[in-house]
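Novice: build me a model:
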Amino acid sequence: MPDYVLAIDQGTTSSRAIVFDHGGTIVSTGQLEHEQIFPRAGWVEHDPEKIWDNVRQAVGLALTRANINHTDVAAVGITNQRETTVVWDRTTGKPVHNAIVWQDTRTQPIVDALGGAEGADKYKAIVGLPLATYFSGPKVKWILDNVDGAREKAERGDLLFGNTDAWVLWNMTGGVDGGVHVTDVTNASRTMLMDLDTLSWREDIAADMGIPLSMLPEIRSSSEEYGRGRAGGLLPGVPIAGILGDQQAATFGQACFQVGTAKNTYGTGNFMLLNTGTEKVPSEHGLLTTVCYKIGSADAVYALEGSIAVTGALVQWLRDNLGLFSDSADVEWLARKVTDNGGAYFVPAFSGLFAPYWRPDARGALVGLTRYVTRNHIARAALEAVAYQTREVVDAMALDSGVTLTELKVDGGMVNNELLMQFQADQLGVDVVRPVVAETTALGAAYAAGIAVGFWKGEEDVVANWAEDRRWTPDVEEGERERLYRNWKKAVTKTFDWVDEDTHSH
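Specialist: Numbers count the residues shown, from 1 in each chain. Presented below is the predicted three-dimensional model:
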């Protein structure tokens, strides 16, 4: 058996390839960023062809840096930004439109129309999700409704849809020349088109959205061989054998296999998943019910998810839009110059508010400002916003699941920010734990692929490989914790009802 597994992590801001060894240790990486395209306020797009280019380059870099080639790779796993929607022509291999990114809010009128008198929870009992701009189905409808000739092509069977996992897999396995059109249960559970009980597409919901079933990829488990790398590519004949949406992949990589275990990923947005086992738990408190993973023929495992749209993206915004600093890591340096937020609260409702509010009418607000507040306080308020939003999700999870969190496993780019991690522990009142390998998203996809081909035995190998790196313990008195949180809750209410008929188009 070859010595390595390769993971492709097609994320919101970049595409990465990471080579892992049997111990789950990173051997090498390749990474390329792609452009965030903002055609209008609230619209966010990516160029799918650029993403595919970057994936190939990243794979080449990772293999070269490890000084290996395809014969050394046992399997490839794919993980991806979920809900980001690609529609392409199966005959030419060309996308008919830019990918519409998960953060994009243009589908709000479609979502409102679909909900009608029944409102946002119309399909929730079936798909586990409220009607929201976040999910893929309404994005597909928008493309079919707005791109010249797209609907006719779709009706003829010429168009394919997928989140970026399916786009990458199709291209890796041959594209127009025999490409495999498949997704996994975790990605399918984010489209609003899959029945959570049967793990199959719902013809009635697809019909409501005007989406021909011929566009939809075949739904498979998260760990099995879907196809092999195309001849002439960098990975000819290598089994592509794992697919997990990025947040589910991180949950897998964090070894959250027991009911009640949870992880929180600090990326562009924040996503907390709580394993609920083979029972799906409907949410009464603004969370999503989603598939956590399905290993081969084993039963699907479900999760409750709290999705927060803007966390790391707020730091990027301070860097790129306001020019407060040139390197994202400097946000911690600025924030450490003050001992508190100076009374300032930053609610980053740039795409409305996701969990637990689901308020598309909200927009970002910086409140509590006085002459005393400096850019240091604003930097600190931005970091604190990440922790407050996470606490809101933890509270909702406790109410829905009856499980009280005992510690929180964390991963993602922001977990290197020690000020944030300490403040997170302070706000939650439980320990926050960072693993040795913080790239748990790519690692989870690697494990799923490696398990499928026998490179790893199963979950027990994942558990054995997981190791703690750093732990933060709460260090704040209760009154102060609650005062800060109470003011945050007040700040959130100031963002409601901002978007109305007059503000929609600007």
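Novice: end-to-end on stretch 90-104?
Specialist: The stretch stretch 90-104 measures 25 Å between its terminal residues, going by Cα to Cα, to the nearest Å.
Novice: any idea which residue of this protein is furthest from its center?
Specialist: residue 371 (37.9 Å; Cα atoms, centre = their mean).
Novice: next structured bit after the longest helix along the chain?
Specialist: The single longest helix within the chain, with elements called by DSSP state H, is helix 375-401. Next helix or strand after helix 375-401 toward the C-terminus (DSSP states H and E): strand 407-411.
Novice: helix or strand next in line after that following strand, which one?
Specialist: helix 418-428.
Novice: circling back to that earlier point, ok, the residue farthest from the centre of the chain to residue 488 distance?
Specialist: Counting by Cβ to Cβ, to the nearest Å, the gap from residue 371 to residue 488 is 22 Å. All C-beta atoms are positioned from the backbone trio N, CA, C, and that covers glycine.
Novice: got it, and residue 478?
Specialist: 16 Å.
Novice: more neighbours: which of those two?
Specialist: residue 488 (23 against 9; other Cβ atoms under 10 Å).
Novice: secondary structure element for that one?
Specialist: Going by DSSP H and E, residue 488 is part of helix 478-493.
Novice: next, the angle helix 418-428 makes with that helix.
Specialist: 100 degrees (axes from the mean of the first three to the mean of the last three Cα atoms, to 10 degrees).
Novice: same question for helix 478-493: list its buried residues.
Specialist: By neighbour count on 16 or more other Cβ atoms under 10 Å, the buried set for helix 478-493 is 481, 484-485, 487-488, 491-492.
Novice: just the residues contacting it, thanks.
Specialist: Outside helix 478-493, the residues that touch it by Cβ atoms under 8 Å, 6 or more residues apart in numbering are 341, 345, 347, 353, 357, 365, 367-368, 384-385, 388, 391, 426-427, 429.
Novice: so which of those comes closest to residue 47?
Specialist: residue 353 (28.3 Å; Cβ to Cβ).
Novice: which ones are touching the closest one?
Specialist: Going by Cβ under 8 Å, 6+ apart, the list of residues near residue 353 reads 309, 347, 359, 362, 492, 495.
Novice: now it: phi and psi?
Specialist: phi -110, psi 130 (degrees, to the nearest 10).
Novice: that one pairs with what?
Specialist: residue 359 (DSSP bridges).
Novice: any idea how far residue 285 lies from residue 141?
Specialist: 28 Å.
Novice: do residue 478 as well
Specialist: Taking Cβ to Cβ, one finds residue 478 at 48 Å from residue 141.
Novice: what does residue 103 give?
Specialist: From residue 103 to residue 141 the distance is 18 Å (Cβ to Cβ).
Novice: next: residue 36.
Specialist: Taking Cβ to Cβ, one finds residue 36 at 23 Å from residue 141.
Novice: of the two, who's got more company?
Specialist: residue 141 (22 against 16).
Novice: please name the nearest non-neighbouring residue to the more buried one.
Specialist: Take residue 141 and drop its neighbours on the chain: the residue closest to it by Cβ to Cβ, 6 or more residues apart in numbering is residue 209, 4.7 Å away.
Novice: right, and the one you found touches residue 142 too?
Specialist: No - in this structure residue 209 lies outside contact range of residue 142 using Cβ atoms under 8 Å: 9.8 Å.
Novice: any chance you could map the strands in the stretch 51-200 of the chain?
Specialist: Taking DSSP state E, counting those that start in this stretch as the criterion, the stretch 51-200 of the chain carries its strands at 73-80, 85-89, 99-100, 159-163, 182-184, 194-195, 200-201.
Novice: nearest to residue 474, out of those?
Specialist: For residue 474, the closest of the strands of the stretch 51-200 of the chain is strand 73-80, at 31.6 Å, according to Cβ to Cβ.
Novice: go through that closest one and flag the buried ones.
Specialist: Buried-residue list, strand 73-80, by 16+ other Cβ under 10 Å: 73-80.
Novice: restricting to C-alpha, output that strand in PDB.
Specialist: Only the C-alpha atoms of strand 73-80 are listed here, as PDB (Å, rounded to 0.1, in the frame of the first residue of the first chain):
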ATOM      1  CA  VAL A  73      -0.800   8.100  -3.000                       C
ATOM      2  CA  ALA A  74      -3.200   5.500  -1.700                       C
ATOM      3  CA  ALA A  75      -6.300   7.700  -2.200                       C
ATOM      4  CA  VAL A  76      -7.600  11.200  -2.600                       C
ATOM      5  CA  GLY A  77     -10.300  12.800  -0.400                       C
ATOM      6  CA  ILE A  78     -12.200  16.000  -1.300                       C
ATOM      7  CA  THR A  79     -13.600  18.600   1.100                       C
ATOM      8  CA  ASN A  80     -15.200  21.800   0.000                       C
END
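Novice: now it against strand 159-163, angle please.
Specialist: Using the same axes, to 10 degrees: strand 73-80 against strand 159-163 is 90 degrees.
Novice: so what are the sheet partners of strand 73-80 and their directions?
Specialist: Strand 73-80 is paired, per DSSP bridges, with strand 4-10 (parallel), strand 239-245 (parallel).
Novice: neighbours of residue 65, how many?
Specialist: 14.
Novice: for it, give me its contacts.
Specialist: 28-30.
Novice: before we move on, what about residue 429?
Specialist: 474, 481.
Novice: if we go to 6 Å?
Specialist: residue 474 (Cβ atoms under 6 Å, 6 or more residues apart in numbering).
Novice: distance of the residue farthest from the centre of the chain relative to residue 344?
Specialist: 12 Å.
Novice: again, but for residue 483
Specialist: Taken as Cβ to Cβ, the span from residue 483 to residue 344 is 14 Å.
Novice: endpoints of stretch 367-375, how far apart?
Specialist: OK, stretch 367-375 end separation, Cα to Cα: 14 Å.
Novice: buried sites along it?
Specialist: Quick answer for stretch 367-375 (16+ other Cβ under 10 Å): 367-368, 373.
Novice: the longest helix of the chain - contacts with which helices or strands?
Specialist: Packing partners of helix 375-401 (3 or more Cβ pairs under 6 Å, 6 or more residues apart in numbering; DSSP states H and E): strand 270-277, strand 301-308, helix 330-335, strand 345-347, helix 418-428.
Novice: for residue 132, which of those is the nearest?
Specialist: Across the helices and strands packed on helix 375-401, closest to residue 132 is strand 301-308 (Cβ to Cβ), at 9.4 Å.
Novice: and the closest one, which strands flank it?
Specialist: strand 270-277 (antiparallel), strand 288-293 (antiparallel).
Novice: and it, what's its mean pLDDT?
Specialist: Averaged across strand 301-308, the pLDDT comes to 93.
Novice: count the residues that sit near residue 359.
Specialist: 17.
Novice: so who does it touch?
Specialist: 352-353, 496.
Novice: export those to TSV and append columns for pLDDT and distance to residue 41.
Specialist: Below are these laid out as TSV (pLDDT from 0 to 100; distance: Cβ to Cβ, whole Å):
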residue	pLDDT	distance to residue 41
352	90	12
353	92	17
496	95	18
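Novice: wait, which of the residues you listed is closest to residue 415?
Specialist: Nearest to residue 415 among the contacts of residue 359, with distances taken as Cβ to Cβ, is residue 353, at 23.2 Å.
Novice: how far away is the closest one from residue 134?
Specialist: Residue 353 is 11 Å from residue 134, by Cβ to Cβ.
Novice: cool, and residue 223?
Specialist: 26 Å.
Novice: show me what contacts residue 431?
Specialist: So residue 431 contacts 407, 471, 473 (Cβ under 6 Å, 6+ apart).
Novice: quick check on it: phi, psi?
Specialist: phi -70, psi 140.
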